[in-house]
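K.L.:
Coordinates for the following, if possible.
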Amino acid sequence: MECLETLVGLTGGCAAVTSDAATYTAPHVQRRELELIVDQNDYPSVDDLFADLRRQAAKELIAQVQSAFGGRYIAKTIIDQQTIGDAGTTLTASPAGAGYKGLKLNRYNELPNVGYRITRLGFLGQVTGNITFSFVDGLTGQVLGTKVIAAVAGQQVNVNVNALYRVRTLLIVFPATNAGYKTVTGWGSDCCSCADFCRLNPLAQAIPITSTTLPTVTNTNDMGGMSIDVSMECDHQTWLCGIREQLAMPMMWKVCELAMGYALFGTGRSNTKTVRDSDQLKERQMMYRDNFSEAMRLALAQVNLPDDPWCFECVRTNRIAVAIP
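P.N.:
The predicted model follows:
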């Protein structure tokens, strides 16, 4: 989770590892200390080690936040999985063309905590060969990911995706030169000029599209053989990124703790620091762990939970009062 990973930097050396960090591990853990413990069989440089420590620290930070709020708020998937792209009972040819074919998923309103979870991608075509499907931000045109399907003529071929896309409009497209069979959004009709027939769920719509230049698209009534399984899922990383500055100190202490853990148990490098000073490393690891716990306590006490009716359900604590007769 990059917005948290880049909270903490490492100074020293030829170039500091900073990103957009305003908090650094120094003076608690210095670059020269990491240079003594890094095993270059595991990491080419100190920078690579530090980047890995930040990634692991971010994961543990997220787990701590979710655990802390789990008793008061229940995070939920908004809509169960739905299948988009129905070929019907009779296969109808969808001729090849120029540009792209595919699907546009578009939210009806601004819900920053909601993303599209794509679990399956399928293709029913008239061609045999590899077809590259692209997942594209419908606003900027940025390619967010790709997936290749080894198509077999006349057969439905599926691949697992299991990816969450945190955009308001998501385009899923493939080159229109690959002839497929006609697939539509469902609802027993190929009408996509009516919003009701393009409605994915109460939050979004699913519209077949064509395009010559992405992200500009034209609505149509044919996905060209494509189908997907999709659900609307709560994206809590967006909320965590919004409170990232409050998590800087806990993140810093967690990176320091993990660095001591690597020096004690991860590195294969033997020297004075890792052998003779092992007791001191253990003491520092415990101290940084305690500092992390205290910093997390203070940070979470200042955090306002999202007031989001879709993604968080308040759980009130039941209390039983016993009156003294």
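K.L.:
okay, now residue 50: neighbour count?
P.N.:
Residues lying near residue 50 (other CB atoms under 10 Å) number 22. In short, each C-beta sits where N, CA and C put it, glycine included.
K.L.:
Am I right that it sits in a helix?
P.N.:
Yes. Residue 50: assigned to a helix according to DSSP: H, G, I helix; E, B strand; the rest coil.
K.L.:
Double-check it against residue 33; I have them as touching.
P.N.:
No. Residue 50 is beyond contact range of residue 33, at 11.3 Å (criterion: CB atoms under 8 Å).
K.L.:
number of nearby residues for residue 217?
P.N.:
23.
K.L.:
how close does it sit to residue 227?
P.N.:
18 Å (CB to CB, to the nearest Å).
K.L.:
same check, this time on residue 300
P.N.:
43 Å.
K.L.:
higher neighbour count, these two?
P.N.:
Neighbour tally, residue 300 and residue 227, criterion other CB under 10 Å: the higher count belongs to residue 227, 22 against 17.
K.L.:
partners of that one in the sheet?
P.N.:
When assigned by DSSP bridges, residue 227 has beta-bridge partners residue 122.
K.L.:
can you give me the strands in the stretch 201-325 of the chain?
P.N.:
Using DSSP state E, counting those that start in this stretch, the strands found in the stretch 201-325 of the chain span residues 204-211, 218-219, 226-234, 312-314.
K.L.:
The stretch 51-200 of the chain too?
P.N.:
Going by DSSP E, counting those that start in this stretch, the stretch 51-200 of the chain shows strands at 73-75, 82-84, 93-94, 100-107, 114-124, 129-137, 143-151, 156-165, 169-175, 180-181, 199-201.
K.L.:
what's the closest of those to residue 281?
P.N.:
Between residue 281 and those, the shortest separation by CB to CB is 36.9 Å, and it involves strand 73-75.
K.L.:
surely residue 256 meets residue 25?
P.N.:
Yes. Contact status for residue 256 versus residue 25: in contact at 5.6 Å, counting by CB under 8 Å.
K.L.:
Compare the strands of the stretch 201-325 of the chain and give me the one nearest residue 37.
P.N.:
strand 226-234 (39.2 Å).
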